[in-house]
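*Asks:* The following comprises the amino acid sequence and a computationally predicted model.
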Amino acid sequence: MPQHTKLTVYELSLNVRLHLEAHSMSNIGSAGNRLLPRRQLLADGTEVDAISGNIQKHHHADILANYMNAMGILLCPACAKRDGRRAAALVDKTGRISLNIDEILTCGMCDAHGFLVPSKNKPEIVRTEETDIDGEDQPKKKKSTKVIKTKVRDRLSKHSLIEFSYGLALPENFTDTPQLLTRTGDEKGDGQMLVHQITRSGFYGQCVRYTAAGIGVDTNTRRLVIADEAERLRRHQAILSALRDDFLSPSGALTSSTLPHLAGLAGVVMIQTQIGRAPTYSPLAKDFIERLAAMKNEQRVTKPFHTVDEFSAIMDDLIANSLPAGHGQLLLSQENTA
Amino acid sequence: MTGNQIWLCAEYHFPTDYSLRVPLSSATSALALPAPGPATVRLAIIRVGIELFGVDQVRDKLFPIIRAIPVRIKPPARVAISKQFLQLIKVSDSGQSGQSVGYREVAQADGAMSVFINVPDHTVNIFTRILWDVGYWGQASSLTCCLGVSNRRPQPGECATSLATAWKKSSRDNNKRAAFTCLATEFRDHHVSWREVVTSAGNNVANAVVKPEIYIWPLQIIEQYSSHKLLIFQSIY
């Protein structure tokens, strides 16, 4: 049996051009019975269709929670019931949280997607009444009111290890089709309602960055909290698996009746093996694959793909044969920067 | 600072859209800057420095330099800013949740942004490495990618400048053109302390540490509607 050396991943970026047909995955809301698609103005002055990164991140979190359950990775009570606030949902009725950062990071989801428990001060009105002893004949009483802020809790946070950009349609490669749909009203006697929904088709550029070295690390202090390398590896595999599924089975708004046709996927997976950034480059640029591939060096692995199956194979290989950079690989000495 | 100072120029590509909130604008109706302000650049340098070299090294050796070095920002050649509606979920202390709508401006750029910093010559390698590894500005989803770092000083009029600085200069130079202005933040002074800027709990930078100022950007609005505006680069002088 040949021995495979596992690829160390400090950071990874996906730079993809996604071809979707007939979707309504991301919308800004509705005006009356008309559903309004999300749009973004580009610097060249053209307005294009857009897919919010939030919606893909929610989808990733949903898949990730399922993988973590299946792989025996601990989830906190909030993440176990898919509460998007994560650790912030563990605040009790007095506004306090009984967990510290080390305890919160035992939850794989809070560790991967980050969380924010904002600090909280409680204002208390203190009324005082003092007797003025200067006027001995007729002592006066002085009343004063003060607002004192008492600290209820400190801020607790971790940066998300995975970041999704907006998906932006290529200006010359997107179109939309107005659809007139009918549905019945919510109440008896409402009758039939007409709904205008715009389905869109196009090529979308999107970037995702995943910092594998941050698994089990308190990102505010750069302190390694989860030292068990097997546990870090499991979390890494779960994150990559969910990322693969996020692109191969896209989801978002209105997918129950407008599940997108995934018609193509091309791009580059950039892997930074040592401390540093995995480059990202706009997939709106025609030559983005060539530009990224040219950034290959001894610390960077580039994996271009042109089809869904090539992307799937690259991700499967990374899931099986990569590991997150360990804590010993996290710092540089200043003398080594020359 | 003693010894020779060297200007470093780092060029950044914005691979996708980004959103850097204008100071004092509400988080639920946020306006966007065309490029990061000086305080955002300093905080990014501190953050990346900690990632690369650790807290102790940055606090003891680099922070006194970072808080004092001149920082200049040249925005991209074209910036489009659009208003994006967001669905917000608010949860009260009692645990009840309700839906709300907010908006946030989002920018998309064409062309590279340049960040200039003037550092002591013995720290050039360290700051070059830090500039290479900045991966985002402000909000973590505002991705950026460094394309190169070189020794180049900023040219007059190509970088954002505070109104106060421009005002002082205006007595000598009356060739200013109409330019885009908005608030941006800078460190209060060169003496802000480490404890004020960085806390172990990751608390927000105290408001007293950064001060909002009106900045003049070398950008001109060429198109403006209620939902978006389009800016192009034009030297201030």
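*Replies:* Yes, it's here.

*Asks:* OK, contacts around the residue nearest the centre of chain B?
*Replies:* Computing the C-alpha centroid of chain B and ranking residues by C-alpha atoms, centre = their mean puts residue B:36 first, at 2.2 Å. Listed by C-beta atoms under 8 Å, 6 or more residues apart in numbering or on different chains, the contact set of residue B:36 reads B:20, B:44, B:73, B:137-138, B:184. Yep, even glycine has a C-beta here, placed from its N, CA and C like the rest.

*Asks:* and if we set it to 7 Å?
*Replies:* B:20, B:73, B:137-138 (C-beta atoms under 7 Å, 6 or more residues apart in numbering or on different chains).

*Asks:* now do residue A:252
*Replies:* With contact set as C-beta under 7 Å, 6+ apart, residue A:252 has these partners: A:25-26, A:51, A:55, A:59.

*Asks:* Check residue A:123 too.
*Replies:* Residues touching residue A:123, when contacts are defined by C-beta under 7 Å, 6+ apart, comprise A:147, A:149.

*Asks:* Please convert the contacts of residue B:36 to JSON lines, extending it with neighbour count and secondary structure.
*Replies:* Supplementary listing: these in JSON lines, determined by neighbours: other C-beta atoms under 10 Å in any protein chain shown; DSSP: H, G, I helix; E, B strand; the rest coil:
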{"residue": "B:20", "neighbour count": "23", "secondary structure": "coil"}
{"residue": "B:73", "neighbour count": "27", "secondary structure": "strand"}
{"residue": "B:137", "neighbour count": "25", "secondary structure": "coil"}
{"residue": "B:138", "neighbour count": "19", "secondary structure": "coil"}
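
*Asks:* can you list the residues of chain B near chain A?
*Replies:* Selection of chain B residues close to chain A by C-beta under 7 Å from any C-beta of the partner chain yields B:13, B:15-17, B:50-55, B:57, B:78-80, B:82, B:85, B:91, B:93, B:101, B:106, B:108-110, B:125-126, B:129, B:133, B:135, B:140-141, B:143, B:145, B:200-203, B:223, B:228, B:230.

*Asks:* Now list the buried members of those residues.
*Replies:* When those are checked for burial by 16 or more other C-beta atoms under 10 Å in any protein chain shown, the buried set is B:13, B:15-17, B:50-55, B:57, B:78-80, B:82, B:85, B:106, B:108-110, B:126, B:129, B:133, B:135, B:140-141, B:143, B:145, B:202, B:228, B:230.

*Asks:* List the ones among these that fall in helices.
*Replies:* With helices defined by DSSP state H, the entries of these inside them are B:50-53, B:55, B:57, B:126, B:129.

*Asks:* could I get those residues as CSV with pLDDT?
*Replies:* Written out in CSV, the entries for those read as follows (pLDDT from 0 to 100):
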residue, pLDDT
B:50, 90
B:51, 89
B:52, 91
B:53, 90
B:55, 87
B:57, 91
B:126, 95
B:129, 95
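
*Asks:* worst-scoring helix or strand of chain B, pLDDT-wise?
*Replies:* Every helix and strand in chain B was compared by mean pLDDT, DSSP states H and E; the lowest is helix B:163-170, with a mean of 78.

*Asks:* what about it, distance to the chain center?
*Replies:* For helix B:163-170, the separation from the chain centroid amounts to 20 Å (computed by C-alpha atoms, centre = their mean, to the nearest Å).

*Asks:* before we move on, the earlier item: where does confidence bottom out across the contacts of residue B:36?
*Replies:* Sorting the contacts of residue B:36 by pLDDT puts residue B:138 at the bottom of the list (86).

*Asks:* for the stretch 51-200 of chain A, what spans make up the helices?
*Replies:* Remark: helices of the stretch 51-200 of chain A, listed N- to C-terminal, are A:53-70, A:77-80, A:101-104, A:108-113; assignment by DSSP state H, counting those that start in this stretch.

*Asks:* Perfect, that will be all.
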